[in-house]
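S.K.: Here's my sequence, what's the structure:
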Amino acid sequence: MNSERGVYVLGGGAHGKVVVSTLLEAGWRIAGILDENQLLWGSSVMDIKVVGAFDILRDMEKPEAIIAIGANSVRKNIASRFDHVRWMTVIHPHAYVHPSVKLGHGTTIFAGSVIQPDVIIGNHCIINSSCSIDHDCVIQDFVHSGPGTVLGSGVNLGEGAFMGINSSALPDVSIGAWSIVGAGGVAIKDVPTDSLAIGVPAKTYTDKRSTFDNS
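M.R.: Below you'll find the predicted structure:
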């Protein structure tokens, strides 16, 4: 449902541009863009002004916003800082989401994505352009599903998991929390927590460096 007051977009970078585009295509009013980088203040993203830092929200009563930052851990940190914000859920009009799908707050569904019956998607997730998510998948909070991701039926993506561009997971495979399936990778078996899976079929490395940013 659209916002009469306008929704704030947190993040004026490259991902923010796609979120702004999605909001505009879906008919939302945007109140402004917020970013911690002072160099961006006063600039515009698709003719929407960057008006200041995130803390502007603290002086507002129940502001409406969405986090437009691709890095999963950063989105989690920001969400934890603002418990009075009403986080919006946005679906591009050219995405298909079956009516039985359950969507958490702060989640964005981009153009061309198809989400089949009885999928559960958590809070602050990114379902990027042209994803295909089959029935009965469970996508937990702060997941980023990159463009062209394909999930077979019954796949479980743990909190903060990242699926790279054109990656896929076979039916009933689980991807552990904060794990990464690299671009073009095909997960044919479960991937443990905090691991990196790359290749076809994907080979798993369980010593993924903590500095590897799943953004």
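S.K.: What score does the residue nearest the centre of the chain have for pLDDT?
M.R.: Centroid-nearest residue in the chain, with C-alpha atoms, centre = their mean: Ile126, separated by 1.6 Å. In this model, Ile126 is scored at 98, pLDDT.
S.K.: Leaving out sequence neighbours, find the closest residue to Gly184.
M.R.: Using C-beta to C-beta, 6 or more residues apart in numbering and skipping residues adjacent in sequence, the residue nearest Gly184 is Asn166, 5.1 Å away. C-betas here are computed from N, CA, C, even on glycine.
S.K.: residue ranges for the helices of this protein, please.
M.R.: 14-25, 72-81 (DSSP state H).
S.K.: what does the domain assignment say about the protein?
M.R.: Under the assignment automatic domain parsing, the domains of the chain span 7-87, 89-203.
S.K.: Show the end-to-end separation of the last one, please.
M.R.: To tie it back to what came earlier, the one meant is domain 89-203. Terminal residues of domain 89-203 are spaced 34 Å apart (C-alpha to C-alpha, to the nearest Å).
S.K.: Highest mean neighbour count across the domains of the chain, which stretch is it?
M.R.: Scoring the domains of the chain by mean neighbour count under mean count of other C-beta atoms under 10 Å gives domain 89-203 as the most buried, with a mean of 20.
S.K.: Surely Tyr205 is in contact with Pro192?
M.R.: No: taking contacts as C-beta atoms under 8 Å, Tyr205 lies outside contact range of Pro192: 9.9 Å.
S.K.: Quickly list what's touching both of these two.
M.R.: With contacts taken as C-beta atoms under 8 Å, 6 or more residues apart in numbering, Tyr205 and Pro192 have no neighbour in common.
S.K.: so who does Val119 touch?
M.R.: Val119 neighbours (C-beta under 8 Å, 6+ apart): 98, 100-102, 133-139.
S.K.: what do you get if the cut-off is 6 Å, keeping everything else the same?
M.R.: 101, 133, 137 (C-beta atoms under 6 Å, 6 or more residues apart in numbering).
S.K.: and if you look at Ala169?
M.R.: Applying C-beta under 6 Å, 6+ apart, we find Ala169 in contact with 151, 155, 187.
S.K.: For the chain, give me the ranges with low pLDDT.
M.R.: 1-4, 208-215 (pLDDT under 70).
S.K.: now with 50?
M.R.: Residue ranges of the chain with pLDDT under 50: 1, 210-215.
S.K.: could I get the contacts of Ala169 as JSON lines with distance to Pro93?
M.R.: Shown next, in JSON lines, are those (distance: C-beta to C-beta, whole Å):
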{"residue": "Leu151", "distance to Pro93": "22"}
{"residue": "Val155", "distance to Pro93": "26"}
{"residue": "Ala187", "distance to Pro93": "31"}
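S.K.: Out of those, which sit inside strands?
M.R.: Among the contacts of Ala169, DSSP state E puts 151, 187 in strands.
S.K.: follow-up on the earlier one: out of the helices of the chain, flag the one nearest Asp35.
M.R.: Asp35 lies closest to helix 14-25 among these, at 7.7 Å (C-beta to C-beta).
S.K.: Tell me the helices and strands packed up against that closest one.
M.R.: Secondary-structure packing of helix 14-25 (3 or more C-beta pairs under 6 Å, 6 or more residues apart in numbering; DSSP states H and E): strand 7-10, strand 44-45.
S.K.: Make TSV out of those strands and add distance to Val74.
M.R.: As requested, those are arranged in TSV below (distance: least, C-beta to C-beta, whole Å):
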stretch	distance to Val74
strand 7-10	10
strand 44-45	18
